[in-house]
Structures are given as C-alpha cells and as structure tokens.
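no sequence on this one, just coordinates:
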DNA sequence: TTCCGAACTGAAGGATCGTTCAGATATATT
DNA sequence: AATATATCTGAACGATCCTTCAGTTCGGAA
C-alpha cells in the first residue's frame, strides 16, 4: 500500500536512464506511441505490446525503461504536469507588481496554451489517471505546480489572499475541470480554442478577485 | 463534465428489466459491489467475476443484466448523473425571481451535497470514465443536467446571460473539477466538506456574476 | 580494427480476464 | 399440487495480457 502524496514509489520509477542517443529517442517514441494507442484503441486495449509495436520497438525494449505498465502511464502524467509547471514558472519573470486581473488572465492563458498545444495528448491523459491504481499525484509534482501559481499571486499589487494555497488549489482544479469538459473526447466533438480560453480567463479572474476580496484583516489567526 | 454525445449505444444498454423483487435487489447489489471493488482493488482489478462475488451472486447473474463489463460501468455513471440532475431540478420549485448570487449558492450547495453524500462512490466514479472506451456522456443525460441549471438561471431577477448554455457548461465543468480535486485525485489528504462547499459557493457565485455582467445587448446573434 | 557494454529482439510462460450456456433453483400462476 | 416463467449457478473456453530472458545487434572507446 502506498502512502498518499509521498514521493514516487519504487514501483513506478523508470528503470534506466539513457546514456546513448538512440535510447533517448526510444523513450520518446514510446511516450508518443502510448498516447496514440490510447486515442486509437482506448484504455482497455492499451497494451505494452501494442505500444511497443507502434513505437517501432519490441516489448523487451519497453521493459528496459519501465518496470511495468503502470510506470509508463505514470511517466506520461508526470511529464505533462512538469510541462505545465514549467510554463507557469515562465510567467512574469520580472518582479514588478501587477493588477490581479492581469495575473489571472496570464495564468488562464498559460494553462490553456499548454492544453491546446497537444489536444490529442491532453485528451489521452485524462483517461490514464484512473488506470493507475490508487493514483495520487505525488506531492513533489503538485507542489511545484502550486508553487508556481503562488509566486504569481504574490505579484498582485492590489490584492492579497487569506489562504493562497487554497486559492491556487481551487483555481487549478476549476481550470482542470473546464479543460476536461472542453476536451471530453477528441474523436467526434470539435474544440473551440477561443471559447475555452475566454471561459478560462473569465472564471480565473472572477474567482481570484472574489477570493482576494474576502480577505480578513485579522492579524494573527489560525 | 463530458461533452454531450449521441444516444446510448446498443452496446451499453441494460439487458433486462427486473420484474421480480429479488432481481431489483440484485442489480442494486451489483452496482454497490462495483463501487467497492473499484475502491478496494483499483480499475485494473475491477473484474466481472470479482464484482459478482462481492455482490454475492455468480458471474452469470451479472451477465443477465449487463451485456458486458462496459455496460456495467456506464450504468454506474448514468445513475450518478441522473441523481445529480434530480437534485438540481429540486432547486427553487417556486417561480419567484431571486438574486443571482443566491441561485449560484444553491447550485453549488446542491452539487456539493450530492457528492458528499457518497464520498466513496464519488471517488470511485471518477476512475471509471476513462475505462469506457470512447466514452462520451450521452446527450440525453447531459441535456437534462444542463436543462436543470438553465431553468435555475432563468429565475435570476437581476441578471441575464448572453449564452446561458455556455455558462451552465463552464459552471458544471468547474464544479466537477473542484470536486475531483477535492476527492483526492489531485493531492493527498482527507476531504474537508466545509472547505469544499465554501470554495464551490465562491467560484459559482463569482463566475456566474462575471458571466452575467459581460452580457452584450446585441439581439440576434449566434 | 577490436572489443565491451549499451541497446534491442521476440518467442514463451504463467496468469487473468470476459463471456457463454446447459442445468438447477426460486417465484408466480393456474 | 402442478406448471410456467423468472432468476441464478459456476465450470469451462478462447482470447489476451504482462513480464521475462537468453541471445543478437549496435555504438563508441581504445
């Protein structure tokens, strides 16, 4: 049994790190193949053999980098979250204070951009989380994403939060929900990027403004 | 929130409708067992045999009511959405106009109440959607939920929406995201119902107010 | 060129899994 | 009580699945 929110368990760790160039390409090919199989065949037909075949390698090769199927799926999720966190960390590198509404829009825009950049991958990833038994986003990964949002919120010159962590959590959850709803399934429905972005902007701005407004002026309080 | 799809395909229809009392109890037991197996064993170990065993029946019995495993999972989701829609339809049965902020809180409260009533079922259901290949929430089911929200929004005496459908979709998606995050997929820890509720209220109120304010006065528009 | 470790192969093993169906049992009807 | 229908049983089957490992090929350092 895994403790929730702890570091990445041994069961899900990658098996070896690439030293030669080709193996790096192999890992990348496996990642990409997993997404494609997921979209084309569905979760129940997402097979290690099928993924390897699509990646142009043999099953044995796959198992040199991932100790089991779960670890492969976990790596996909981890990579996506890190990409998202990196994008967030690139927001407003200067230390200048800005209006909260501007910051909210930047957060929303960045979130939307990452999701839209790879619509197929986004749609695919929403299906894998349920496949990892007892899956919980490891604390270290979520904390990085949370931290990037917190650092942005600190730049607000016109507002402050009673509980920035709570605000970041709710904001990220809501954006995730909106994204999941918008991308629902790639095959039939068409995604309207403009609507997705404008709705994301609106809900981010509205929520953050409201959450900041409810700040209580009490000094020392738990 | 899933984008609405087509009607329920034959592949996912229930096989027979109960006529005797015992069979009704059997179906209920199977539903409940599926949730328990999902929570205790995870998605990959969610087996028709295991579900039947936990329900106290044999596999054959399960297959008398569900043509396949997918149909069982689909039934679980469908039931949950219908329960949610029913709860929403029970909001403000009178025709009196009310402030939008009050309505927003009622929507949030109702949503939270349904989710909190069965935390285990809620957490379990978030994992099954990915297991149904090419899953899309059938239009008839989503439309009912959307309709209940639209009817509530019409009662706002102090605001109106440019696109009520868009507002309902975004609101429901955001609430779904917040719920999913709160129930443990995103971060570790136990669920705090009070926080969940207050955050749901805040984001619902903030978003709906903002969306209503941005109403444009143009008459005929797509 | 030689050589060694890194990277890759893919058939085979062992374990489930989804699903069926012929027969047994329970309930309702006459 | 006898008959008809609804419900349940669970061993068995074919289809995959995940994973391993002995052997082969490739890349680069010497």
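Everything's here; your move. Predicted, not measured: the structure shown is a model, and the values here were computed from it.

quick one: residue A:73 and residue A:130 touch, right?
No. In this structure residue A:73 lies outside contact range of residue A:130 using C-beta atoms under 8 Å: 10.0 Å. Just so you know, the C-beta spots here come from the backbone N, C-alpha and C atoms, and that holds for glycine as well.

Can you name the residue of chain A nearest chain B?
The minimum distance from chain A to chain B, using C-beta to the nearest C-beta, falls at residue A:177 (1.8 Å).

Any idea which residue is closest to the centre of chain A?
residue A:81 (3.2 Å; C-alpha atoms, centre = their mean).

quick one: secondary structure of it?
Of the three states, residue A:81 takes helix under DSSP: H, G, I helix; E, B strand; the rest coil.

what's it in contact with, if anything?
A:137, A:141-142, A:144-145 (C-beta atoms under 8 Å, 6 or more residues apart in numbering or on different chains).

Any chance of the residues you listed in a markdown table with secondary structure as columns?
Below are those laid out as a markdown table (three-state DSSP):
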| residue | secondary structure |
| --- | --- |
| A:137 | coil |
| A:141 | helix |
| A:142 | helix |
| A:144 | helix |
| A:145 | helix |
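
pLDDT and distance to chain B for these - can I get that in JSON lines?
Shown next, in JSON lines, are the contacts of residue A:81 (pLDDT from 0 to 100; distance: C-beta to the nearest C-beta, whole Å):
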{"residue": "A:137", "pLDDT": "72", "distance to chain B": "6"}
{"residue": "A:141", "pLDDT": "83", "distance to chain B": "10"}
{"residue": "A:142", "pLDDT": "89", "distance to chain B": "5"}
{"residue": "A:144", "pLDDT": "93", "distance to chain B": "12"}
{"residue": "A:145", "pLDDT": "95", "distance to chain B": "10"}
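
How about residue A:44: what's its closest non-neighbour residue?
Nearest residue to residue A:44 in three dimensions, chain neighbours excluded: residue B:133, at 6.0 Å (C-beta to C-beta, 6 or more residues apart in numbering or on different chains).

give me the element the closest residue to DNA strand C within chain A is part of.
Here chain A gets closest to DNA strand C at one residue, residue A:60, 1.8 Å apart by C-beta to the nearest atom of the strand. Using DSSP states H and E, residue A:60 maps to helix A:59-65.

re the thing from before, report the two of the contacts of residue A:81 separated the most.
A:137 and A:144 (10.6 Å; C-beta to C-beta).

higher neighbour count, these two?
Taking other C-beta atoms under 10 Å in any protein chain shown, residue A:137 and residue A:144 do not tie; residue A:137 has more neighbours (21 against 16).

Which of the three states applies to the residue nearest to residue A:44?
With three-state DSSP as the basis, residue B:133 sits in coil.

and it, how many neighbours?
By other C-beta under 10 Å, the residues close to residue B:133 number 14.

Look up how far residue B:184 lies from it.
Residue B:133 is 25 Å from residue B:184, where distance means C-beta to C-beta, to the nearest Å.

Ok, residue A:69 next?
With C-beta to C-beta as the criterion, residue A:69 and residue B:184 are 22 Å apart.

just the strands in chain A please.
Assigned by DSSP state E, chain A shows no strands.

still on that earlier bit, out of the contacts of residue A:81, which is nearest to DNA strand D?
Using C-beta to the nearest atom of the strand, residue A:137 comes nearest to DNA strand D of these, at 21.2 Å.

Please report phi then psi for the closest one.
Torsion angles at residue A:137 (phi, psi; degrees, to the nearest 10) stand at phi -60, psi 120.

Also residue A:93?
phi -70, psi -20.

any idea how far DNA strand D is from it?
Distance of residue A:93 to DNA strand D, given as C-beta to the nearest atom of the strand, to the nearest Å: 36 Å.

ok, now which ones touch that residue?
Applying C-beta under 8 Å, 6+ apart, no residues qualify as near residue A:93.

just checking, the residue of chain A closest to chain B touches residue B:173?
Yes. Using C-beta under 8 Å, residue A:177 is in contact with residue B:173, at 4.7 Å.

Now do the buried residues in stretch A:47-62.
Across stretch A:47-62, burial judged by 16 or more other C-beta atoms under 10 Å in any protein chain shown covers A:48, A:50-52, A:54-55, A:57, A:61-62.

Repeat that for stretch A:61-73.
Neighbour count says stretch A:61-73 has A:61-67, A:69-73 buried, by 16+ other C-beta under 10 Å.

where do the helices sit along chain A?
Under the criterion DSSP state H, chain A contains helices at A:21-41, A:48-55, A:59-65, A:69-89, A:100-117, A:119-128, A:139-153, A:164-183, A:193-213.

could these go into CSV alongside distance to DNA strand D?
Below are these laid out as CSV (distance: least, C-beta to the nearest atom of the strand, whole Å):
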stretch, distance to DNA strand D
helix A:21-41, 6
helix A:48-55, 4
helix A:59-65, 3
helix A:69-89, 4
helix A:100-117, 27
helix A:119-128, 12
helix A:139-153, 22
helix A:164-183, 24
helix A:193-213, 32
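
Identify, out of those helices, the most deeply packed stretch.
A comparison of the helices of chain A by mean neighbour count, using mean count of other C-beta atoms under 10 Å in any protein chain shown, puts helix A:164-183 on top with a mean of 23.

What ranges in chain A fall below the confidence cut-off?
Scanning chain A with the threshold set as pLDDT under 70 gives A:1-9, A:14-21, A:134, A:185-189, A:214-222.

at 50 what do you get?
Applying pLDDT under 50 to chain A picks out residues A:1-5, A:186-188, A:215-222.

ok now stretch A:78-91, how far from the chain's centre?
The chain centroid and the centroid of stretch A:78-91 are separated by 7 Å under C-alpha atoms, centre = their mean, to the nearest Å.

what do you get for stretch A:61-81?
The answer for stretch A:61-81 is 15 Å, by C-alpha atoms, centre = their mean.

what do you get for stretch A:154-161?
Stretch A:154-161 sits 25 Å away from the centroid of its parent chain (C-alpha atoms, centre = their mean).

what's in contact with it?
A:92, A:95-100, A:103, A:153, A:164, A:167, A:208-209, A:211-213, A:215.
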